[in-house]
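> fold the following for me, if possible:
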Amino acid sequence: MLLSAFLMTMNFPAHLRAQSWEFAKEKAGIRVYTMKADDKPLKAYKGIAEIDAPAGKVFALIENVNNTDWWDKNLSQIKVLGYEKNRFARYYLVFDLPWPISDRELFVDAQVTIDPETGTRKITAGPLRVDTPPAKERIRINEYRQTWTVKPVSSNRTQVTLEGYVNPGGSLPSWIINLFIVDAPMNSIGEIKKRMSVK
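Reported below is the predicted structural model:
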């Protein structure tokens, strides 16, 4: 769980799209894959699951940045900087990590697209560029991409995909980060499944 907060992403650049996804783990109907980029030490990840709930209901949970109690437990601060439902969100995150690992901060710019024909909804997020320097004793995350894809399978069943890549910065060894790479989609999609199962 310690590093899973960092591993959240994405419309991948060409050097990532050229690679192949490798199956990593399956649990509770959630399949996770990883992918190695040619010129990067860290892996990208993708989690896929089908959820017994309408696509609109699933997307409403993911899209609403004012309802984030299901997000990673390492988040100590979430500040919404701008939000328009079904259009965009901008927010600031702080990851509170135990000593000796430095806390991380991340400014996020997320854009929403909805296909009116298929009903597929996407949230594509990347770093929001700001002029302010990093807060004292925090490392700012600058390499970050995330894409949620919510696709209707039927009127009451939805396919959810979470793709991501993130470099948390600092001196954390890449092999340690890669060990935890499957946790981000597994935990995030798992939390969504739990909330959709509550009647």
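> what ranges of this structure fall below the confidence cut-off?
Residue ranges of the chain with pLDDT under 70: 1-19, 37-38, 172-173, 175-176, 179, 198-199.
> buried sites along the lengthiest helix in the chain?
Longest helix in the chain by number of residues (criterion: DSSP state H): helix 183-197. The neighbour-count check on helix 183-197 (16 or more other Cβ atoms under 10 Å) flags 183-190, 192-193, 196 as buried. Quick note: C-beta positions are derived from backbone N, CA and C, even for glycine.
> nearest spatial neighbour of Glu143, chain-adjacent residues omitted?
Spatial nearest neighbour of Glu143, excluding adjacent residues (Cβ to Cβ, 6 or more residues apart in numbering): Asn167 at 3.7 Å.
> where along this structure do the helices fall?
Under DSSP H, the chain gives helices at 14-17, 55-63, 174-179, 183-197.
> how about those helices in a markdown table, adding distance to Phe107?
Listed next are the helices of the chain as a markdown table, based on distance: least, Cβ to Cβ, whole Å:
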| stretch | distance to Phe107 |
| --- | --- |
| helix 14-17 | 22 |
| helix 55-63 | 18 |
| helix 174-179 | 21 |
| helix 183-197 | 19 |
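> which one of the ones you listed lies closest to Asn142?
Distance to Asn142, taken as Cβ to Cβ, is lowest for helix 174-179 among the helices of the chain, at 15.2 Å.
> mind checking which of the helices of the chain is nearest Pro98?
Proximity to Pro98 (Cβ to Cβ) singles out helix 174-179 among the helices of the chain, at 14.4 Å.
> now the longest helix of the chain against helix 55-63, angle please.
Following axes from the mean of the first three to the mean of the last three Cα atoms, to 10 degrees, one obtains 130 degrees for the angle between helix 183-197 and helix 55-63.
> helices and strands around helix 183-197, which ones?
strand 22-27, strand 30-36, strand 43-51, helix 55-63, strand 157-167 (3 or more Cβ pairs under 8 Å, 6 or more residues apart in numbering; DSSP states H and E).
> okay, those in TSV with distance to Asp109 next?
Output for the helices and strands packed on helix 183-197, formatted as TSV (distance: least, Cβ to Cβ, whole Å):
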stretch	distance to Asp109
strand 22-27	28
strand 30-36	23
strand 43-51	19
helix 55-63	14
strand 157-167	14
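> mind checking which of those is nearest Thr118?
Nearest of the helices and strands packed on helix 183-197 (Cβ to Cβ): helix 55-63, 9.8 Å.
> other residues contacting the closest one?
With contact meaning Cβ atoms under 8 Å, 6 or more residues apart in numbering, helix 55-63 is reached by 51, 67, 70, 85-86, 89, 112, 119-121, 123, 148, 150-152, 158, 160, 192, 195-196.
> what about burial for those, which qualify?
Among the contacts of helix 55-63, those classed as buried by 16+ other Cβ under 10 Å are 51, 89, 112, 120-121, 123, 148, 150-152, 158, 160, 192, 196.
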